[in-house]
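K.L.:
For reference, the sequence and a predicted model appear below.
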Amino acid sequence: MEFTDNGTCFVCGKENPSGLRLDFSISDGHASATYLPDKAHQGYRNILHGGLISTLIDEAAVKAASSLGIKAITVEICVRFKTPLMIGERCIVEASVRLVRGRLLKGVAMVKKMDGTIVAEGHLKLFRT
């Protein structure tokens, strides 16, 4: 299976009118972006849906891999939620990855409030495509 980017990724695609359209900064195995949660993405009232937080963590890790020139997909993700992120409360998502062996990479990512409070942290395994 070929994995190609056609600009419609839900998180970073500029051609997806329903997407988040995040701009990631990437360098040397690291990636980061800021995000302002919208009411359309809430779970419980005024709280960002946990699935979307997991999505941010996933995307950041894949972007971190791309900073190394590696196309990768997430094959395992474990997310630990620490505190809720409120709708309208800007956050930053950060990730770093490292090549373990062969086609396997490991990543760590987190979503943080702008004051540094950790919202969620994830540990990931990625596979080079």
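P.N.:
Thanks, I have it.

K.L.:
all helices for this protein, in order.
P.N.:
50-66 (DSSP state H).

K.L.:
Buried ones in stretch 81-98, by neighbour count?
P.N.:
84-85, 87, 89, 91-97 (16 or more other C-beta atoms under 10 Å). Backbone N, C-alpha and C define where each C-beta goes, glycine included.

K.L.:
Stretch 50-60 now?
P.N.:
Buried, per 16+ other C-beta under 10 Å, within stretch 50-60: 50, 52-60.

K.L.:
now do stretch 121-129
P.N.:
For stretch 121-129, using 16+ other C-beta under 10 Å, the buried residues are 121-122, 124-127.

K.L.:
Among these, which lie within strands?
P.N.:
121-122, 124-127 (DSSP state E).

K.L.:
Using a markdown table, lay out these together with distance to Asn46.
P.N.:
Output for these, formatted as a markdown table (distance: C-beta to C-beta, whole Å):
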| residue | distance to Asn46 |
| --- | --- |
| Glu121 | 22 |
| Gly122 | 23 |
| Leu124 | 28 |
| Lys125 | 33 |
| Leu126 | 33 |
| Phe127 | 37 |
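
K.L.:
Nearest to Thr8 among those?
P.N.:
Within those, the smallest distance to Thr8 is 21.0 Å, found for Leu126 (C-beta to C-beta).

K.L.:
Go ahead and confirm the closest one touches Ile77.
P.N.:
No. Here Leu126 lies out of contact with Ile77, judged by C-beta atoms under 8 Å, at a distance of 9.3 Å.

K.L.:
which neighbours do these two share?
P.N.:
Common contact partners of Leu126 and Ile77 (C-beta atoms under 8 Å, 6 or more residues apart in numbering): none.

K.L.:
Please name the nearest non-neighbouring residue to Ala109.
P.N.:
Leaving aside its chain neighbours, Ala109 sits nearest to Ala95 (3.5 Å; criterion: C-beta to C-beta, 6 or more residues apart in numbering).

K.L.:
mind listing what the one you found touches?
P.N.:
Counting by C-beta under 8 Å, 6+ apart, Ala95 touches 30-32, 57, 60-61, 63-64, 107-110.

K.L.:
how near is it to Lys14?
P.N.:
20 Å (C-beta to C-beta, to the nearest Å).
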